[in-house]
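S.K.: could you work out the structure for the sequence below:
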Amino acid sequence: MPRRILNTLACIVLFWLGLAAGPVSAIDLDSGWEYRWGDSPFTAAGVPVWTLETPEQSADAWHAIGFPSNPPGRDGRENVWFRTVLPDGHWRDPVLYIFSVDLIVEVYVDGHKIYDYGQFDAHGKGHFEGWPWHMIALPEDSAGKPIYFRIFSNYMDIGLWGEVKLMERLELLRYILGNSIERLITSGFSLLIALLALVFALLRYEPRRFGAIALFALASGGMVLSGSQINLLLIDRALVWDYLGAGGYFLIPVAMALLLEDWLRPACSRLFKLIWRFHLLYLVGAIGLSAAGVVSLASTYPVFDALFALTLALLWTPVLRFWRRANSDQRAILSAYAIFSLLLLLDMAVAHSLLPWYQIPVAWGTLVFSMAIVTISLRHYSRTQDALKAMNRVLEERVCQRTAELEALATRETERARFLTLENRKRIEIEDLISALQDRRSLRESGPILGEALPRLCRPLGGAFYQFSTTEGVYQLKAHWGDPPPAVPSERIVSSQALDRREAPSELGQWCFEIGYQDPRQGEHILGCLWLHCPDDTPADHRLTWRRLIERGVERINLTLSTISLHETLSQLSYEDGLTGLKNRRFLDDALAREIDLAQRHNRPLSVLICDIDHFKHFNDTYGHEAGDTVIKTVAEHLTEVFRHTDIICRYGGEEFVIVLPGAPAEDGHQRAETLRTRVAALDLQHEGTTLGSITLSTGIASWPEMIADPSELLTRADQALYRAKQAGRNRVERAL
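M.R.: Reported below is the predicted structural model:
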């Protein structure tokens, strides 16, 4: 369960970082499958014998099949094995994704069980445990090996279902999230409609109609939500989600019949009542019997699908007769109903293998049907409300005529309500400002947001914002609105001492607030000061409310800025080398993989250089580690001067440096390496008055596609070239062979 939650959080983080955009890299395992009816005997050690047989021994027992589902000649058999060979490839964390399995499964590689879902008894049978999607972690050395699937099913289908893909774990999580967004949004919208319709029904405004809408939205929302694959990452209880989906699915015809009965009455009301009562009885019976263990939940679906298809035909018969005399609202409802019915029938056809597998967008049919019903119902509601508003206006005019003596009190209450509205709006603006700041990753990006948002936030109060200049040590006027505070001229630069909080005459309605943050390494840091002036005629309680509101807003701004500063500092410490300021090895691992992908995608060259300071250990032993640090920093400075800003320069460890040159062929990298070698060899190093002498560099170069065919070997081949440069006498540049 914790691993599922961590996977979900990782998936969400990747999505919001933008990695969920673009295609998912995966291999479809839709060929090379074989099947074998029956169940394998097991050795004394519990290893299936069929997984140990050589291809020659089992050639006659296994038969080829296009996709591992429903092999021919079942004849009531409930056990089957499937196998295929995993493709070769370089995977960091490979997993096998299966959309669904009918009904329980065990997976073996090299005779070892690597995954199971459901419990097999001594006879190779088991009970239905739900229809989840499966993420099967593969061993690191599984590429090119056969993988076996042991399956039991007493359902009408047997085997794998939907799609089978091989991909990286994070790619799968991103794929699951992408597949679930549509259902999550649609189900959330349907459940919101259900809540609103229920509220209208409880308020006794057309309770029959809105009650039916609430029931339909609840049923369709539950059905769509249960089919969202991300659910299992949050609550790993497939059977619970299947019961939720079955309840919503079985409730759909009940809600549809109630809705059509309301919209089309009195035509065929008796038929509609018979239909929804029959399906309500089936819902209670199917869920109850399956929960009690009398029947399997899976076995209730085929029966319901047949009944539901018949129900749709019965519902459509009166609908077609009613079409000609239906009004525009009723035709809109019937059109949406037709779309939804068609999608449901297509989904049934796919589920029963009458059509090739495809994820039918039933969620969109639900959305269209719900939107049509809600739009028409709300339009009727709006018309009624308009009539009520007109009546209210008449009543208000009469009340105003009879309550002239209360005008003064009404004026004061109106002013109070206006101030409360303004206060609420300012609270919302503070929340928007905090949200905008939280979306920024650096304090540099936060400055323009403050300069733009503070005047809007503080109006109608007059004021000014002074930004502190760290280079000049003074405050500079950056923004000014309304009447500037009289104690601080807006035409000149004022010193930080003149803006001290203690000198602000707050008792006269002039306030000064410091904008700043806590730096994890340097302590408190002031960005600027916010001066405000409250009009003299402002009531005392309003003035106090304003001051407290601004104080809380500034405190939250400062806290948010401190959080941004902390994140920025942690990010720098995570990816920067503390001695040289260059990127570190951790950054290189991510950046090199990204540049390899870009180079392959755009078919452009990519070169990698590894530089090493010759005899550095001897240098350290002779002059000390501080002198060695001076040498490393000096080489780092020359690296940044010789190579381009677009090149990635990293300290690889100790006296080694790695440079990644996107778009640079081998010759370009060789010329830059020679330039660096020459410049470093000509240096006359000094440290604390001591002459250190000269140093030399040895460099290895590898370039794709000019030198090597596989870009993932760039770093290894460059390191081998560096080794040859060392063996050849050092102070030289060698290319990969």
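S.K.: hmm, which helix or strand of this structure has the shakiest average pLDDT?
M.R.: When the helices and strands of the chain are scored by mean pLDDT, DSSP states H and E, strand 494-495 comes last with a mean of 42.
S.K.: so after that one, what's the next helix or strand?
M.R.: Beyond strand 494-495 on the C-terminal side, the first helix or strand identified by DSSP states H and E is strand 510-519.
S.K.: mind exporting that next one as CSV, just the C-alpha atoms?
M.R.: Extracted C-alpha coordinates of strand 510-519, given in CSV (Å, rounded to 0.1, in the frame of the first residue of the first chain):
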residue,chain,number,x,y,z
GLN,A,510,0.2,55.7,8.1
TRP,A,511,1.7,52.2,8.2
CYS,A,512,5.0,50.7,7.1
PHE,A,513,5.4,46.9,6.5
GLU,A,514,8.7,45.2,5.7
ILE,A,515,8.7,42.7,2.8
GLY,A,516,11.4,40.1,3.1
TYR,A,517,12.3,36.5,3.7
GLN,A,518,14.5,34.2,5.8
ASP,A,519,17.6,32.9,3.8
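S.K.: ok, it: who's next to it in the sheet?
M.R.: Paired with strand 510-519 in the same sheet, following DSSP bridges, are strand 523-533 (antiparallel).
S.K.: can you give me the buried ones in the partner strand?
M.R.: Buried positions in strand 523-533, judged by neighbour count with 16 or more other C-beta atoms under 10 Å: I526, L527, G528, C529, L530, W531, L532, H533. Where C-beta positions appear, they are placed from N, C-alpha and C, glycine not excepted.
S.K.: SS state for I287?
M.R.: helix (DSSP: H, G, I helix; E, B strand; the rest coil).
S.K.: residues touching the closest residue to it other than its chain neighbours, list them.
M.R.: Nearest residue to I287 in three dimensions, chain neighbours excluded: G247, at 6.1 Å (C-beta to C-beta, 6 or more residues apart in numbering). Neighbouring residues of G247 by C-beta atoms under 8 Å, 6 or more residues apart in numbering: A219, G222, L283, I287.
S.K.: would you format those residues as CSV with secondary structure, pLDDT and neighbour count included?
M.R.: Shown next, in CSV, are these (DSSP: H, G, I helix; E, B strand; the rest coil; pLDDT from 0 to 100; neighbours: other C-beta atoms under 10 Å):
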residue, secondary structure, pLDDT, neighbour count
A219, helix, 83, 24
G222, helix, 83, 23
L283, helix, 88, 22
I287, helix, 88, 16
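S.K.: so which of those residues is the closest to V295?
M.R.: In terms of C-beta to C-beta, no member of the contacts of G247 lies closer to V295 than I287, at 10.3 Å.
S.K.: how much space between the closest one and T366?
M.R.: 21 Å (C-beta to C-beta, to the nearest Å).
S.K.: now do A725
M.R.: Taken as C-beta to C-beta, the span from A725 to T366 is 67 Å.
S.K.: kindly report the same for F657.
M.R.: Noted for F657: a distance of 58 Å to T366, by C-beta to C-beta.
S.K.: looking at the two, which one has more neighbours?
M.R.: T366 (29 against 25; other C-beta atoms under 10 Å).
S.K.: how much space between S370 and A217?
M.R.: 5 Å.
S.K.: chain center to the helix of greatest length in the chain: distance?
M.R.: Ranked by number of residues, the top helix in the chain under DSSP state H is helix 362-402. Relative to the centre of its chain, helix 362-402 is centred 37 Å away, using C-alpha atoms, centre = their mean, to the nearest Å.
S.K.: which SSE is H480 in?
M.R.: strand 474-481.
S.K.: need the helices for the stretch 101-250 of the chain, in chain order.
M.R.: With helices called from DSSP state H, counting those that start in this stretch, the stretch 101-250 of the chain shows them at 169-202, 207-226, 231-234, 238-264.
S.K.: by contact count, what packs against the longest helix of the chain?
M.R.: helix 169-202, helix 207-226, helix 328-351 (3 or more C-beta pairs under 8 Å, 6 or more residues apart in numbering; DSSP states H and E).
S.K.: tell me the mean pLDDT for it?
M.R.: When pLDDT is averaged over helix 362-402, the result is 75.
S.K.: and the angle from that helix to helix 207-226?
M.R.: Angle of helix 362-402 versus helix 207-226, following axes from the mean of the first three to the mean of the last three C-alpha atoms, to 10 degrees, is 140 degrees.
S.K.: my guess is A286 contacts T300. True?
M.R.: Yes: using C-beta atoms under 8 Å, A286 is in contact with T300, at 4.1 Å.
S.K.: shared neighbours, those two?
M.R.: A246, F250.
S.K.: just the closest of the contacts of G247 to P460, please.
M.R.: G222 (48.9 Å).
S.K.: what's near enough to touch the spatially closest residue to that closest one that is not a sequence neighbour?
M.R.: Nearest non-adjacent residue to G222, counting by C-beta to C-beta, 6+ apart: G248, 3.3 Å away. Contact analysis of G248 by C-beta under 8 Å, 6+ apart lists L218, A219, S220, G221, G222, M223, V224, L225, S226.
S.K.: most neighbours among the residues you listed, which one?
M.R.: Ranked by the number of neighbours (other C-beta under 10 Å), the contacts of G248 place S220 first, at 30 neighbours.
S.K.: any idea how far the residue nearest to that one when sequence neighbours are not counted lies from R730?
M.R.: In space, and not counting its chain neighbours, S220 is closest to T366: 4.0 Å by C-beta to C-beta, 6+ apart. Here the criterion is C-beta to C-beta. By it, T366 lies 72 Å from R730.
S.K.: what do you get for G126?
M.R.: 67 Å.
S.K.: what about those two, which has more around it?
M.R.: A count of neighbours by other C-beta under 10 Å puts G126 above the other of G126 and R730, at 20 against 14.
S.K.: surely that one touches E106?
M.R.: No: in this structure, G126 is not within contact of E106 by C-beta under 8 Å, at 9.9 Å.
S.K.: span of stretch 321-330 from start to end?
M.R.: With C-alpha to C-alpha, to the nearest Å as the measure, stretch 321-330 spans 13 Å from end to end.
S.K.: next, the buried residues of it.
M.R.: Residues F322, D329, Q330 are the ones in stretch 321-330 that count as buried (16+ other C-beta under 10 Å).
S.K.: likewise for stretch 225-234?
M.R.: By neighbour count on 16+ other C-beta under 10 Å, the buried set for stretch 225-234 is L225, S226, G227, S228, Q229, I230, N231, L232, L233.
S.K.: got CSV for these, with distance to I610 too?
M.R.: As requested, the buried residues of stretch 225-234 are exported to CSV (distance: C-beta to C-beta, whole Å):
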residue, distance to I610
L225, 53
S226, 54
G227, 51
S228, 48
Q229, 44
I230, 43
N231, 48
L232, 45
L233, 41
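S.K.: return the member of the residues you listed nearest to L715.
M.R.: Using C-beta to C-beta, L233 is the member of the buried residues of stretch 225-234 that lies nearest L715, at 34.4 Å.
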